[in-house]
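**Student:** From the sequence below, what's the structure:
(one chain, ligands or ions: 1)
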Amino acid sequence: MSDHKKTAAVADSVLKTAALSARALAIAPYSGFRVGAALSTADGKTYEAGNIESSSYSLTLCAERVALFKALSEGERAFETIAIASDTEEFCSPCGACRQVLWDYARDIRVILVNRAGDTREMPLSDLLPHAFDDRMF
Ligand code: THU
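**Tutor:** As a prediction, the model looks like this:
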């Protein structure tokens, strides 16, 4: 059988539901903007997180980075997909900092945006961060 279309270790529908639920993990007293992220590993595990804000606003971490750091700190290195859910009608696209860190640790990852209605939009990270800087340059 041809191997060109790999089946996701964690189904997109499962990851989408996990990201929507992960909004409840957000600690966002300053912005009130809750984001949930669910990150799947190549061997089928899922890490979930919400955004965590600081009273010193710029120290805030987005849900995407919290999920990624949670997984990295557990020793995970091979990632497949990240679903990012917002409470809004608009899709919540990852910020520049998250794009860079995802590129550093999971450059082949698929990104699935999920709005509050559960609609999805999928793209590879390379579409979100063209001409990326990374450690191949030094
Ligand atoms: N935020 C995320 O968690 N993910 C994104 O993709 C964009 C923004 C958070 C950061 C902050 O807590 C709040 O949303 C408003 O910017």
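**Student:** Which residues are in contact with Leu61?
**Tutor:** Shown in contact with Leu61 (CB atoms under 8 Å, 6 or more residues apart in numbering): 51-52, 69. Every C-beta, even on glycine, is put in place using the N, C-alpha and C of the backbone.
**Student:** now with 10 Å?
**Tutor:** Listed by CB atoms under 10 Å, 6 or more residues apart in numbering, the contact partners of Leu61 are 27, 49-54, 67-69, 97-98, 101.
**Student:** what sits opposite it in the beta ladder?
**Tutor:** Ile52 (DSSP bridges).
**Student:** and what of Gly36?
**Tutor:** With DSSP bridges as the rule, Gly36 is bridged to Gly50, Ala85.
**Student:** I'd guessed it sits against Leu113; true?
**Tutor:** No. The pair Gly36 / Leu113 is not scored as a contact, 11.6 Å apart, by CB atoms under 10 Å.
**Student:** Quick check: neighbours shared by those two?
**Tutor:** 19, 83-86, 92.
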